[in-house]
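In: I need the structure of the sequence given here:
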Amino acid sequence: MRMRFNTVLCVAGVLLLNLAGSFCQLDVCGRAPFNKKILGGSDATEGSWPWHVGITSTGQPFSVCGGSLINKDWVLSSAFCINIMDTSVDQIVIYLGRRSQIDPDPHQINRTVINVIKHPDYNPNTNDNDIALFQLSSSVNFTDYIRPVCLAAAGSVFDKGLSSWVTGWGYTNNGTLPNILQEVEIPIVSNKNCSIAYNGSGVTITDNMLCAGQLNDVFKGTCLFDFGGPLVSKQGSQWIQNGIMIMTYACYTKNIPGVFTRVSQYQDWINAHISNEKPGFVTVPYSTPTPDPNPTHDPNPDPNPTPYIPDIFSGSSPSLQLFPLSLTFFIFSLIFCLFI
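Out: From the prediction side, this is the model:
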């Protein structure tokens, strides 16, 4: 009986320690020490988006696609990027900590890729399920300039008007490719209004997609070579990736939002392919946008608006609370295992 009791204590201690470890990614993800963004801009300051990566091929210094670091070994991007690169996996290069594509950058490192996983239901004709995982050739060490982003968890709600940011080295409004990583703030657009905007274009907005863009006389959004880049919003003190850039129909076009893969639809798929150090998933609740001082009439109001849910994610991390308890329990159970 005592042997069985000792065994139970050992197992319980290990399980609790592992439970605390599973939360540790939430302590790291989505933290950007140098990001103090309040208003929109153009050139990103150094270290503002430490999860943004550039994806290219061997011998090509300019990024073909963007992506996001989600833990020390994996990058999240678009399946379309794999198709347009048309190269073998071992020829793919990922730049981390990069701001400039030309100038020397002391914070930049690069990794090759040893594995690429496309979503099995990716449809290149409709862009549905446009998501892929890139496994780095070796782990990266997190710094103030290289950090993972948090991911929107299943069940997240992105109400229209939610302030979001996109980053990338894609074409700018003047038709040139920038050297410095670009950033732009854009609001979420409801899928209903997004479908109306794309009506007659042959583009179908599915539940696996998310739309964002500035619907007025000034184009603000994504363009060519921004494919795979992250769409993020801030929740409390963390930045959370809500979307993956997949379409450029909006490029230079007024009143047409950009379309993104809805990350929250793929939590189970992502976790199924990452065995160690799962990415940090955070549920995004409804967030009330800043009231428009000059509101316009919505011709298609939502008859069932999402109710307000307060921000409940600004407190301390659960791992900081669980770790001392689990560690104590682990040591206690270990003593029983060894000496009793």
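
In: in this structure, which spans are strands?
Out: According to DSSP state E, the chain carries its strands in the segments 52-57, 65-69, 74-77, 92-96, 109-118, 132-136, 150-152, 163-168, 182-189, 209-212, 230-235, 238-245, 258-262, 281-282.

In: nearest to residue 126, out of the ones you listed?
Out: strand 209-212 (9.8 Å; CB to CB). For glycine as for every other residue, the C-beta is placed from the backbone atoms N, C-alpha and C.

In: helices or strands next to that closest one in the packing?
Out: strand 182-189, helix 191-197, strand 238-245, strand 258-262 (3 or more CB pairs under 8 Å, 6 or more residues apart in numbering; DSSP states H and E).

In: ok so, going back, any chance of the strands of the chain in TSV, plus mean neighbour count?
Out: Shown next, in TSV, are the strands of the chain (neighbours: other CB atoms under 10 Å):
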stretch	mean neighbour count
strand 52-57	24
strand 65-69	28
strand 74-77	26
strand 92-96	22
strand 109-118	16
strand 132-136	22
strand 150-152	27
strand 163-168	24
strand 182-189	22
strand 209-212	28
strand 230-235	24
strand 238-245	27
strand 258-262	28
strand 281-282	22
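
In: reformat these as CSV; add mean pLDDT and distance to residue 274.
Out: Formatted as CSV, the strands of the chain follow (pLDDT from 0 to 100; distance: least, CB to CB, whole Å):
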stretch, mean pLDDT, distance to residue 274
strand 52-57, 92, 16
strand 65-69, 95, 13
strand 74-77, 98, 6
strand 92-96, 95, 16
strand 109-118, 96, 10
strand 132-136, 97, 7
strand 150-152, 97, 11
strand 163-168, 90, 23
strand 182-189, 90, 27
strand 209-212, 94, 22
strand 230-235, 94, 17
strand 238-245, 96, 15
strand 258-262, 94, 17
strand 281-282, 96, 11
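
In: distance to residue 144 added to the ones you listed, as TSV?
Out: Shown next, in TSV, are the strands of the chain (distance: least, CB to CB, whole Å):
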stretch	distance to residue 144
strand 52-57	14
strand 65-69	13
strand 74-77	19
strand 92-96	13
strand 109-118	13
strand 132-136	19
strand 150-152	17
strand 163-168	17
strand 182-189	17
strand 209-212	27
strand 230-235	17
strand 238-245	14
strand 258-262	27
strand 281-282	21
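
In: what's the closest of those strands to residue 195?
Out: Residue 195 sits nearest to strand 209-212 of all those, at 8.7 Å, using CB to CB.

In: what are the pairing partners of the closest one, and which direction each?
Out: strand 182-189 (antiparallel), strand 258-262 (antiparallel) (DSSP bridges).

In: among those strands, which is nearest residue 151?
Out: For residue 151, the closest of the strands paired with strand 209-212 is strand 258-262, at 11.2 Å, according to CB to CB.

In: for that closest one, which outside residues touch it?
Out: For strand 258-262, contacts defined as CB atoms under 8 Å, 6 or more residues apart in numbering pick out 78, 127, 129-131, 152, 158, 166, 186, 194, 203, 205, 207-213, 221-222, 231, 242-250.

In: just to revisit the earlier point, pipe the helices and strands packed on strand 209-212 into JSON lines and attach distance to residue 100 per row.
Out: Converted to JSON lines, these look like this (distance: least, CB to CB, whole Å):
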{"stretch": "strand 182-189", "distance to residue 100": "12"}
{"stretch": "helix 191-197", "distance to residue 100": "33"}
{"stretch": "strand 238-245", "distance to residue 100": "21"}
{"stretch": "strand 258-262", "distance to residue 100": "24"}
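
In: which one of the ones you listed lies nearest to residue 70?
Out: Closest among the helices and strands packed on strand 209-212, using CB to CB: strand 238-245, at 7.9 Å.

In: adjacent strands (with direction) for that closest one?
Out: Strand 238-245 is paired, per DSSP bridges, with strand 150-152 (parallel), strand 230-235 (antiparallel), strand 258-262 (antiparallel).

In: run through who's touching the first one.
Out: When contacts are defined by CB under 8 Å, 6+ apart, strand 150-152 is touched by residues 26, 29-30, 70, 76, 158, 238-242, 262-264, 267, 270, 279-284.

In: got it, and stretch 93-108?
Out: 44, 46-47, 50, 52-58, 60-63, 67, 69, 75, 109-113, 134, 136, 140, 143, 145-146, 169, 178-181.

In: go again using 6 Å as the cut-off
Out: Taking contacts as CB atoms under 6 Å, 6 or more residues apart in numbering, the residues outside stretch 93-108 that touch it are 46, 53-56, 58, 62, 75, 109-112, 140, 145-146, 179-181.

In: in the stretch 151-300 of the chain, where is pLDDT below threshold?
Out: Residue ranges of the stretch 151-300 of the chain with pLDDT under 70: 171-176, 215-222, 224-225, 248-254, 286-300.

In: mind listing what's buried along stretch 269-285?
Out: Within stretch 269-285, the residues scored as buried using 16 or more other CB atoms under 10 Å are 270, 274, 277, 278, 279, 280, 281, 282, 283, 284, 285.

In: tabulate the residues you listed in CSV, adding columns for distance to residue 123.
Out: Below are those laid out as CSV (distance: CB to CB, whole Å):
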residue, distance to residue 123
270, 19
274, 23
277, 30
278, 27
279, 24
280, 29
281, 25
282, 28
283, 28
284, 26
285, 30
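
In: good, wrapping up.
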